[in-house]
Every structure is written in structure tokens, then in C-alpha cells.
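Asker: Following is a predicted model, sequence given first.
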Amino acid sequence: MRRALLALALLAAPALAETDPRVARSIALREEWQWLTRDIAFPATWDADGRHVHYRKTVAGGFAFVDVDVATRAKAAAFDAAALARGLGAALAKPVDALRLPFEEFAFEDGRRAIGFAIEYQAWRCTLTDYACVRADEPHRRPRGFGVVRDLKVPALNTPHRSPDGAWEALVIDDNLVVRRADGGAEAWRSQDGSPGDFYDPETIAWSPDGRHVALYRVRPGYRRIVTRVVSSPPGQVQPVLAEQLYPKPGDAIDQERPVLFEAANGRRTEVDDALFPNPWQLGEITWRKDGRSFAFDYMRRGFQQTKVVAVDAATGAAHAAVAEQTGTFVYGDRRFAHDVGGAGRELIWASERDGWRHLYLVDAASGRVKRQITRGKWVVRDIARVDDDKRRIWFSASGMTAGEDPYHKHWFRVDFDGRNLTRLTRGDETHEARFSPDGTLFVDVHSRTDVPEVAELRDAITGAVIDTLERGDVRALTAAGYRPPAPFVAKGRDGATDIYGLVVRPRDYDPAKRYAVIENIYAGPHDSFVPKGYWPFGGFSGGDKAMGMQQIADLGFIVVMIDGMGTANRSKAFHDVAWKNLADSGFPDRIAWLRALAAKDAAVDLSRVGIYGGSAGGQSTLNALLFHPEFYKAGVAFAGCFDNRMDKIDWNEQWLGWPVDASYLAASGVIHADKLQGKLLLVVGEQDSNVDPASTMQVVDALVRADKDFELLVVPNGEHSAGRSSEPVAYGQRREYDFFLRTLGGPR
């Protein structure tokens, strides 16, 4: 058998990366450049009363948080950053830099006498009087594996739910619903049919506003699949340990929820016929209408091809569809939007792609009939920020509305429920992120483009007029240091008609007389679009950090590109549907056409030497480039790939490949098709990856060894999903990646 190059953190490879000055220079570039901008603002956060707004911005050496008095426009430091750093450092038992606080956003609490924020998903709270910082360990709901299987080893949050008049409380005891007098008083009644295999969930209890009814979900538990990982090198000890994670995978049995309705006075139970919501993927939170006569919940059928808002009559238990959506491909679950106008259950604002583009509809909630399409056209509604029921008006963002402009740039609008008075609130060929005041009269707009630094403005939410410019990004020092924005490029896709958008990053010493290998930075997950649209290249709100990493690789002597091919989001439904049961595609026909068009424009592009790299779904695409398009892609670095979708998390994969598991899962599998490998491959995986089961990588390794294929493998002990990319050891992962591309593709010729 030919040699398969396997390594656990160290691979016997040429020492080029350790000595080549280009590699050291590229690795150091981020630290040299990332603190050179000034006054680049991040999206803002409003106080609950709308009197103040605050945001983070870049300053010399790091960041500062700025607070703005909206009435006077006076600016001040949001808090004493040095004192906060000392207090947080004491709590974390490690130094904290006041200019590089480990959070991007916070919220004022306790009358602005404290702030709350999160560090690596852990909630923290710091007072602003003595700057004492503590973990905010509030009661947590029972965890659910990817939202669909409850972790029954963790007790549910069973805090008694008070009735609206405060006289009664509902909770679950021994898997049954109990209603008793408040504060643990005498029990009025309890259900009798709950059991560990069919229990009432206390975290779903919902009283009707009139106190006459209680509704909640009864649950039949799904399969408790556990992924077990070996922690080979636990800090501070010699012997390895095991880590376990609840990790449902495609096809697994999931929790089955059913709503149950009780009369609060006597416990009389009313059955709710589930014919309208069979085989649920998820049922949303039970929400009572204001008059207490009915409640509603969101329903997504497993397989992601049908979704509804189901309403239930409190008197009879009869259910009807307030609105329904059916498709032959997929409904994108994370972008469902339903708004109950006035909380009355008579009308809904509903987002739908039923005409081929994501738009807003006004629906009669009694019949499910569309009363009016509010927005229409060959453009996409993106974010719905605010709905004013009294004025019957909606504020939303959209992209693709302006001919000749990048169709991914977001702009903000308002429109009336009847579709009239559509008003554009932002202009200019840039992308905009807006945060609206609580009363909806103002918003802070942060806008930029890949070649135009961020500007933050306070605007009128009715007219869009600029009231004040809060910040204007200064990039003179960054430009003087040699930074050049990536160049946009547009070319036709596979059909010869659809525009495909991407960016090109060239070396700082680019010589058009030379020939450069091309490396594609790929992420083709259908859940979004990924090519950066904003300016700041070091982790700004618009994905600019990707551009920084691309520059680091480009400076080794490559042309680096990033492309949004078909199958990604934020264009038409047809554009997005290319991904349905087709993850092996990854937009490659569009990417290859785009790169050929780039080469036709730039003679320095050498398409005989094309590399590719990506992480997670991008890792899967990287391997598939070498498996399915070896005539074009010659070398790839795949980080933490979900190489066989049957091995990956249940929610993401069933969303795009459907349910039940079928041949579409096999078609995209790097394990099944490993024998097709051509070109050079480096696999990188974190031993403790909690996002993608690291066994997915090892199964590819097994298949490649069995197929007698040469490849390289780097396993990072203790490494998480971002190992080798954006977590420790970053420099080592970069060095290995850069060395790989220099060895396999070579430099300029």
C-alpha cells in the first residue's frame, strides 16, 4: 500500500514553512494591521427607554464602547473600561485588556448601574459602581440536542407558572400537570396520564390571559444519541478522559410534541386533533391571543416542506391553519416569519417565497387566505425589524431592488400593510445594518462597502433623513500600511444568464506579468451568502474577517477568491433551490465558470493550478472539489468537514437534504466517493469538535486508506470546531495550511 501521511499534531513534512519568510510574514499580518483603523462602528444597541444608544468602535490599539444621549447627541464612554477590565480579569483569573474586552455587545441593567454580556456563550454581569463581575448563573431551560431531543438527564426548569390573577400556579409533578393554590398551596387537580415516556413539559406551560385555561405540550421522547469523544490530552493530567454530547443525527427519532388544553377550574381536558400537524419537526411556543379565546403555535413538518401557524379554539379544542406554506423543495425554517397583528388572531403578516422571491403577505388568520401581497418584485425581503400594528406599517431590509447595484447589499424600507407608501430609508451602493429605537422613530444605520469604510448615522425612521453622523471610519493608517480592499468581480453562472458575485484578493506585490496559482476560499452552506460586503477586514459585521485571511494567503504569492454560487441564500427561490438534495453541487459549475471568466480578464490567473480551502460545510465542499472536479481543482485543505451528512447534526442536514434519509445523503458523501480522490489533500480536525462529529473526518481517513490514496492529516488535541483556523493553535494551523499550498501549487511563475 502506498504511504498515507497521517499525523497527530506533527506531520513529517518538508520544513519549508518553518524557514520560508513569506509564511512568517503572512502569519504576522493580522496582528500588524488589525489595530490600525479608527472609528469603525459596529451595529448599535438601544436602551429600553430609547433615550440612549451605544455601540463599539475601533480606537488606537483596540476598541471602545461609546454611549450617545439621543436628545443632545452628546457622546461619552459607556463605562470605565479600565475598571471593568480589572474587575473582569479578577473574576476570570487572567489579565483582561481594557482596549480588547472579550465581548462585542452588552446591555445596561438595573437602571444603568450594571451591564450584562456574554463571553463564549456564558452570561456575565458587572456592576458599574464597584466593577464587580460575576457569572450570571440564572436557571436554564433543559437543553435540547439541536432543538429536537430533550436531554432528560438534565431536570426541566419547573418554576411554578402563576395564573394572571396570581391566585393559582401550574407546574409538573411526576410527569403530570398540577394546578394548585399559589405559593405551594392546596392542590386543585392534576392530570393522571403522564409518564416518563409520555410526559407533560413544564417549560411549555401557558395560561390564557383570562386565567380560564392552561395549555402545554405533552412529549414522547426521541432517541438519545450520544457522541463520545476521547480527550487525549486533558490539561494538567496524564490520563485521557471521555467527553459525551447529546447529538441527534439525520433520521433519528425526535421528541414528539402534542398540545394539550385544560380548564383551569376543574382540570377538564380537551383533546386537540393533530391532523393539521402530523409528524412535527418542531412545535413553536404556545401563544395565547389577547382575548383568551384561542392560542396558536408554529408548526414545521419534518422534512421542511410544510409549515403552518396552527390556531386552537379554547372552548372546543378545534384547530385550524391560520396560514400554511407548502413547497416541493424546502421551507427555510430559520427564516420563517409570522406576526399576529394586534395579538388578536384575525390577521397575520407572513413571509413567503411562494412567488419565487421572499416577500411579505397580509393573511386572514381565520381562513388562511391571503388578503394582500404587501411587497412584490424580483428582489428579496431580508430582515423584518419592526411591525407597528396601530399604524399598520412594517420596517424591513431588502436586497436586489436597485438595478446595477450589488444584489446582496441590504437597504432599509418601510411600507404600509396595504402595500402602499413603500419608502426607501437608505441609499447608495453600500450594505446597511440598522438598529431601531424601541418606539420606532429613529434608527442607527452602519453602512459600508468592501472599498468604503463604515459610517454610522442616526436617522429618522419615517423619512430616512440623517439626523447626525455618529462615526466615520478612518482607514488612512491601514491604507498606508499596504492594505488594499478586495476587488469585486461578476460573471455569468452555469446557465450563461445569472450573475455570480465574488471577490478577488491579489498579493501586495502583484505583478501582472507573472502567472499565479488561484486558491478559492469556499463556504457554500445554503443557510446564507458568504462573500463579504462590508469594509472592515478584521471581523466586522459583514464578514470582513474572511478578506483578511485571504490577504494573508495571497501574500504568499497566490490569487485568492471567494464566490457565492447557486444554492446559497439571499437571491431568488430558484437560485437557492439548487442546493435541495444536492449538497455535492456546492455551486461548482458557477464557481468554475466564474474563475474561467476571471482568467479571461486577467492573464495572470493560472487555471492549471487551482487550490481550495474551507471549514465545516466548506470542508465538505473542499473534499468534494477534489472528488468530483479533479480536472479543475488540484489541491485542498479541508477543516472540520461534515464529510458524510448522515454523520452530522440533524437540523442542518435534514433542512437541506430532507427526511427520511435517502440517496441524496450518499451522493454528497466524501466517504462513499473517497476512491475518486485526485490531487493533494490536507485534512484538519479538532479532536473535541462539538459542531461536527470528528469521527466524520476519521471515516474519510479510513476510506482513503482503504482506497490506497495519499493524503495528509492534522488532528489537533483538545481542538474545537475552529481548530487550526480561529482558535488555538491558530499560527500552527496557518503554517501547515500555507506550507501545504506552497508545496502543492507553487508560487508565481
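Answerer: Sure, I can see it.
Asker: helix/strand/coil for Asn582?
Answerer: Recorded secondary structure, Asn582: coil (DSSP: H, G, I helix; E, B strand; the rest coil).
Asker: who touches it in this structure?
Answerer: Going by CB atoms under 8 Å, 6 or more residues apart in numbering, Asn582 touches 567, 664, 667-668. The way it works is simple: take the backbone N, C-alpha and C, and place the C-beta from them, glycine included.
Asker: Dump these into JSON lines; add neighbour count, distance to Val363 and pLDDT as well.
Answerer: Output for the contacts of Asn582, formatted as JSON lines (neighbours: other CB atoms under 10 Å; distance: CB to CB, whole Å; pLDDT from 0 to 100):
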{"residue": "Gly567", "neighbour count": "23", "distance to Val363": "29", "pLDDT": "98"}
{"residue": "Ser664", "neighbour count": "16", "distance to Val363": "32", "pLDDT": "98"}
{"residue": "Ala667", "neighbour count": "17", "distance to Val363": "37", "pLDDT": "98"}
{"residue": "Ala668", "neighbour count": "27", "distance to Val363": "36", "pLDDT": "97"}
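Asker: Please, where are all the helices along the stretch 51-200 of the chain?
Answerer: 81-92 (DSSP state H, counting those that start in this stretch).
Asker: where do the helices sit along this structure?
Answerer: Using DSSP state H, the helices of the chain run over residues 16-19, 21-33, 81-92, 476-480, 545-554, 573-577, 588-601, 617-628, 650-657, 663-667, 695-706, 730-745.
Asker: Select, out of the ones you listed, the one closest to Ala265.
Answerer: Of all the helices of the chain, helix 650-657 sits nearest to Ala265, with 39.8 Å by CB to CB.
Asker: pLDDT below threshold where in the stretch 501-650 of the chain?
Answerer: 538-545 (pLDDT under 70).
Asker: mind running it again at 80?
Answerer: The stretch 501-650 of the chain contains residues with pLDDT under 80 at 536-547.
Asker: now the chain
Answerer: Applying pLDDT under 80 to the chain picks out residues 1-19, 138-139, 536-547, 726-729.
Asker: which one in it is furthest away from the centre?
Answerer: Outermost residue of the chain with respect to the C-alpha centroid, by CA atoms, centre = their mean, is Ala186; its distance is 46.6 Å.
Asker: and that one, what is it in contact with?
Answerer: Neighbour list for Ala186: Arg180 [criterion: CB under 8 Å, 6+ apart].
Asker: hang on, the earlier thing: what is the nearest of the contacts of Asn582 to Asp175?
Answerer: So of these, ranked by how close each gets to Asp175 (CB to CB), first place is Ser664, at 38.5 Å.
Asker: give the contact list for that closest one.
Answerer: Contacts of Ser664 (CB under 8 Å, 6+ apart): 581-583, 657-658.
Asker: circling back to that earlier point, with distance to Ala434 added, can I get the helices of the chain in a markdown table?
Answerer: Shown next, in a markdown table, are these (distance: least, CB to CB, whole Å):
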| stretch | distance to Ala434 |
| --- | --- |
| helix 16-19 | 44 |
| helix 21-33 | 28 |
| helix 81-92 | 26 |
| helix 476-480 | 26 |
| helix 545-554 | 22 |
| helix 573-577 | 24 |
| helix 588-601 | 30 |
| helix 617-628 | 29 |
| helix 650-657 | 28 |
| helix 663-667 | 38 |
| helix 695-706 | 39 |
| helix 730-745 | 33 |
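Asker: what does the biggest strand by length in the chain rub up against?
Answerer: In the chain, taking DSSP state E as the definition, the longest strand is strand 605-615. The contact list for strand 605-615, computed with CB under 8 Å, 6+ apart, reads 515-523, 558-559, 595-596, 598-599, 621-622, 625-626, 632-641, 721-722, 725, 737, 741, 744-746, 749.
Asker: Check these for burial and list the buried ones.
Answerer: 515-523, 558-559, 595, 598-599, 621-622, 625-626, 632-641, 721-722, 725, 737, 741, 744-745 (16 or more other CB atoms under 10 Å).
Asker: Tell me how far Val578 lies from Ala398.
Answerer: Val578 sits 22 Å away from Ala398, going by CB to CB, to the nearest Å.
Asker: Please say which of those two ends up with more neighbours.
Answerer: Ala398 (25 against 20; other CB atoms under 10 Å).
Asker: Distance of the closest residue to Pro717 other than its chain neighbours relative to Gln245?
Answerer: In this structure, Pro717 finds its nearest non-sequential neighbour in Ser233, 4.1 Å apart by CB to CB, 6 or more residues apart in numbering. As judged by CB to CB, Ser233 and Gln245 stand 18 Å apart.
Asker: swap in Ile500?
Answerer: Applying CB to CB to Ile500 and Gln245 gives a distance of 38 Å.
Asker: The two: which is more packed in?
Answerer: Between Ile500 and Gln245, Ile500 has the larger neighbour count (other CB under 10 Å), namely 24 against 15.
Asker: Might you report the residue contacts of that one?
Answerer: Ile500 is in contact with 490-493, 563-566, 590-591, 593-594, counting by CB under 8 Å, 6+ apart.
Asker: which residues does it bridge with?
Answerer: Note on Ile500: beta-bridge partners by DSSP bridges are Ala491.
Asker: Contact partners for the closest residue to His213 other than its chain neighbours?
Answerer: Nearest residue to His213 in three dimensions, chain neighbours excluded: Ala314, at 5.1 Å (CB to CB, 6+ apart). Neighbour list for Ala314: 208, 212-213, 261, 292-295 [criterion: CB under 8 Å, 6+ apart].
Asker: I'd like to know which of the residues you listed are buried.
Answerer: Buried among those by 16+ other CB under 10 Å: 208, 212-213, 261, 292-295.
Asker: Can you list which of those are found in strands?
Answerer: Reading strands off these with DSSP E, I get 213, 261, 294-295.
Asker: just curious, which of these is nearest to His54?
Answerer: Phe295 (37.2 Å).
Asker: The closest one touches Ala311, doesn't it?
Answerer: Yes. Counting by CB atoms under 8 Å, Phe295 touches Ala311, with 7.3 Å between them.
Asker: Show me the common contact partners of the two, please.
Answerer: The contact sets of Phe295 and Ala311 overlap at Arg289 (CB under 8 Å, 6+ apart).
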